[in-house]
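Colleague: predicted model and sequence follow; I will ask about them next.
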Amino acid sequence: MRKPNFFIIGAPKCGTTSLARWLREHPKIYMSPWKEPRYFDRDLRTRFRIKEREYFALFKRATDEHLAVGEATVWYLYSQEAVPNIEREIPGARYIVMIRNPVEMAYSLHEQMVAHQVEHVYDFAKAWELSPVRRAGHGVSRWVAEPRLLDYQSVCMLGTQLERLFAIVPKERVLVLVLDDIKENPRREYLRVLAFLGVPDDNRTEFPVLNRAKRVRWRGFQRALLLALKAERVVRGKVGLPPQNSKVLWRLNDLNKKPRPRPPMPDELRARLEKFYSEEIRKLERLLERDFSNWFTTVKRDVAG
């Protein structure tokens, strides 16, 4: 039985859904049919925890034709235990990390959590200020299994998370992609991924963007639908079927959402977040040896540090 040899480990709202779809369509790459199985992040609670047999069954259809076998779980980078668990169970694995400006990431993540109906505080500024409360396990609705996933302040500390990853895994086994670069030239970044995974170019020229901002039409229905989607995946996995959702449920999910342009963040709030994440951005600059000064848009950057 094949095991995964690479992982897209995060971060959320940084383009992971799009990349996972592009790689899934490559003939030499096998991706888990269940995006985000969340097997290794055992320090973060989830309503349905997949078992070992069920997890490795996700890859039973991988063949010798597949040069790379992977899965994408965006919470592995944030988790304290996921990467150490992977290193113990699958030594030598490769990791793809996707990052963006943490200010934009926090704003986008909140909107997604609202759309998924796990965030009951619809005002981003108020939800962001609740981060310390949620870090302690409080301040969320009964629909939320893990309050720390709504700790936007900590979830978006990408510099700290990447620093922790590099303390465990040699840099040659890690590829870091920046969402800005993917937007600028998706094919160039896609080829970097293929080279990192050791697979040939499939001549892809179309790079559709998935997981765009959406607004939920009926909130209560969406909560029930999300539980049904997750329960269906788990049940199918337990009986040995690919943990994929039915077209009916996905169609209902699509019908209950509609795209909407994200309103701009107020300058005063953006300035607060830029100040909060300034050291995180500096860490990313040091770790990646590149300049992210363009991420500071509302306040003059303190370059003394």
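Modeller: Sure, I can see it.
Colleague: low-confidence stretches in the stretch 201-305 of the chain?
Modeller: Counting by pLDDT under 70, the stretch 201-305 of the chain has low-confidence residues at 211-227, 229-230, 232-247, 249-250, 252-260, 299-305.
Colleague: switch to 90 and redo it
Modeller: Filtered on pLDDT under 90, the stretch 201-305 of the chain yields the residue ranges 209-264, 297-305.
Colleague: now do the stretch 51-200 of the chain
Modeller: For the stretch 51-200 of the chain (pLDDT under 90), the answer is 54, 114-118, 142-143.
Colleague: okay, helices next: where are they in it?
Modeller: For the stretch 51-200 of the chain, the helices defined by DSSP state H, counting those that start in this stretch cover 52-57, 82-89, 102-115, 124-129, 131-135, 152-155, 158-168, 179-184, 186-197.
Colleague: and the third one, which residues are buried?
Modeller: To tie it back to what came earlier, the one meant is helix 102-115. For helix 102-115, burial by neighbour count (16 or more other CB atoms under 10 Å) applies to 102-111, 113-115. Every residue, glycine included, has its C-beta placed from N, CA and C.
Colleague: give me the distance between residue 178 and residue 42.
Modeller: The gap separating residue 178 from residue 42 is 29 Å, by CB to CB, to the nearest Å.
Colleague: who's more crowded, the two?
Modeller: residue 178 (20 against 14; other CB atoms under 10 Å).
Colleague: find the nearest non-adjacent residue to the more buried one, please.
Modeller: Spatial nearest neighbour of residue 178, excluding adjacent residues (CB to CB, 6 or more residues apart in numbering): residue 99 at 5.8 Å.
Colleague: tell me which residues touch residue 155, please.
Modeller: Applying CB atoms under 8 Å, 6 or more residues apart in numbering, we find residue 155 in contact with 11, 12, 78, 106, 109, 148, 149.
Colleague: turn the residues you listed into CSV, columns for distance to residue 268.
Modeller: Formatted as CSV, those follow (distance: CB to CB, whole Å):
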residue, distance to residue 268
11, 25
12, 25
78, 27
106, 15
109, 20
148, 27
149, 27
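Colleague: can you get me a residue count around residue 119?
Modeller: Residues near residue 119, counting by other CB under 10 Å: 23.
Colleague: so how far is residue 20 from the residue nearest to residue 178?
Modeller: 16 Å.
Colleague: cool, and residue 55?
Modeller: Distance of residue 55 to residue 20, computed by CB to CB: 17 Å.
Colleague: name the helices or strands packed onto the strand or helix carrying residue 268?
Modeller: Assigned by DSSP states H and E, residue 268 belongs to helix 267-276. Contacts defined by 3 or more CB pairs under 8 Å, 6 or more residues apart in numbering; DSSP states H and E place helix 267-276 against helix 102-115, helix 124-129.
Colleague: then the longest one to PDB, C-alphas only?
Modeller: If I follow you right, that is helix 102-115. Extracted in PDB, the C-alpha atoms of helix 102-115 (Å, rounded to 0.1, in the frame of the first residue of the first chain):
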ATOM      1  CA  PRO A 102      -1.000  37.700   7.400                       C
ATOM      2  CA  VAL A 103      -3.200  40.800   7.600                       C
ATOM      3  CA  GLU A 104      -5.000  39.700   4.400                       C
ATOM      4  CA  MET A 105      -5.000  36.100   5.500                       C
ATOM      5  CA  ALA A 106      -6.800  36.900   8.800                       C
ATOM      6  CA  TYR A 107      -9.500  39.000   7.100                       C
ATOM      7  CA  SER A 108     -10.100  36.300   4.500                       C
ATOM      8  CA  LEU A 109     -10.100  33.400   7.000                       C
ATOM      9  CA  HIS A 110     -12.700  35.200   9.100                       C
ATOM     10  CA  GLU A 111     -15.000  35.600   6.000                       C
ATOM     11  CA  GLN A 112     -14.600  31.900   5.200                       C
ATOM     12  CA  MET A 113     -15.400  30.800   8.800                       C
ATOM     13  CA  VAL A 114     -18.500  33.000   8.600                       C
ATOM     14  CA  ALA A 115     -19.500  31.300   5.300                       C
END
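Colleague: does residue 274 touch residue 296 like I think?
Modeller: Yes. The pair residue 274 and residue 296 qualifies as a contact (CB atoms under 8 Å) at a distance of 5.5 Å.
Colleague: can you count the residues close to the closest residue in space to residue 202 that isn't next to it in sequence?
Modeller: Excluding the flanking residues, the one nearest residue 202 by CB to CB, 6+ apart is residue 26, at 5.1 Å. The tally of other residues near residue 26 (other CB under 10 Å) stands at 21.
Colleague: measure residue 109 to residue 294 for me?
Modeller: 21 Å.
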